[in-house]
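A.B. asks: sequence first, then the predicted structure, then my questions.
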Amino acid sequence: MSTIIASNVSDGTLSIPTTYVTNGSAKAWVNFNGTGTIAARDSFNVASLTDNSTGSYSVNFTSSMANSGYACPTSVDQISPFPIIQAYLQSVQTGLVGLNVAQPGTADYDTTSVHCSVSGDLA
């Protein structure tokens, strides 16, 4: 394997410090179908998905995070006839993040499109 050491990256017009690339880019992300047999549409650094129960999923990382202090914004597609569907973090661990999807005030709910992006430090 080759190693490139550089303090800046440039496209010929703009130049940024490499720390913006290494520290600021998503360390994992996934877009998956959360109904029936769940499956990723596309992903990065995601080893597998687990369907824990209705509306409850685990996103298992290929490379673990350094600690559980990472950020993981989540979102879901709108589901008719429900006016509001929310995604929230159930658990945050170095090797996985647990997500739940629900209609506020009711039980968890399977949805056709769940999205998660992870930013933080890799182990």
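C.D. replies: Received the coordinates, thanks.

A.B. asks: and the end-to-end length of stretch 85-104?
C.D. replies: End-to-end distance of stretch 85-104 (C-alpha to C-alpha, to the nearest Å): 7 Å.

A.B. asks: what's that stretch in contact with?
C.D. replies: With C-beta atoms under 8 Å, 6 or more residues apart in numbering as the test, stretch 85-104 has contacts from 34, 52, 55-61, 64-68, 70, 72, 74-79, 82, 84, 108-111, 114, 116, 118, 123. For glycine as for every other residue, the C-beta is placed from the backbone atoms N, C-alpha and C.

A.B. asks: also stretch 43-56?
C.D. replies: 26-32, 34, 37-40, 57-63, 90, 98-102, 107-111, 118.

A.B. asks: where's the residue nearest to residue 36 when sequence neighbours are not counted relative to residue 100, distance?
C.D. replies: Sequence neighbours aside, residue 110 is the residue nearest to residue 36 in space, at 8.0 Å (criterion: C-beta to C-beta, 6 or more residues apart in numbering). Residue 110 sits 11 Å away from residue 100, going by C-beta to C-beta, to the nearest Å.

A.B. asks: could you do residue 112 as well?
C.D. replies: Between residue 112 and residue 100 the distance is 16 Å, computed by C-beta to C-beta.

A.B. asks: and residue 94, by the same measure?
C.D. replies: Distance from residue 94 to residue 100, by C-beta to C-beta: 19 Å.

A.B. asks: more crowded one of the two?
C.D. replies: residue 100 (20 against 16; other C-beta atoms under 10 Å).

A.B. asks: what number of residues lie near the residue nearest to residue 45 when sequence neighbours are not counted?
C.D. replies: Closest residue to residue 45 apart from its sequence neighbours, by C-beta to C-beta, 6+ apart: residue 28 at 3.8 Å. Neighbours of residue 28 under the rule other C-beta under 10 Å: 26.

A.B. asks: now residue 109
C.D. replies: For residue 109, the tally of surrounding residues (other C-beta under 10 Å) stands at 18.
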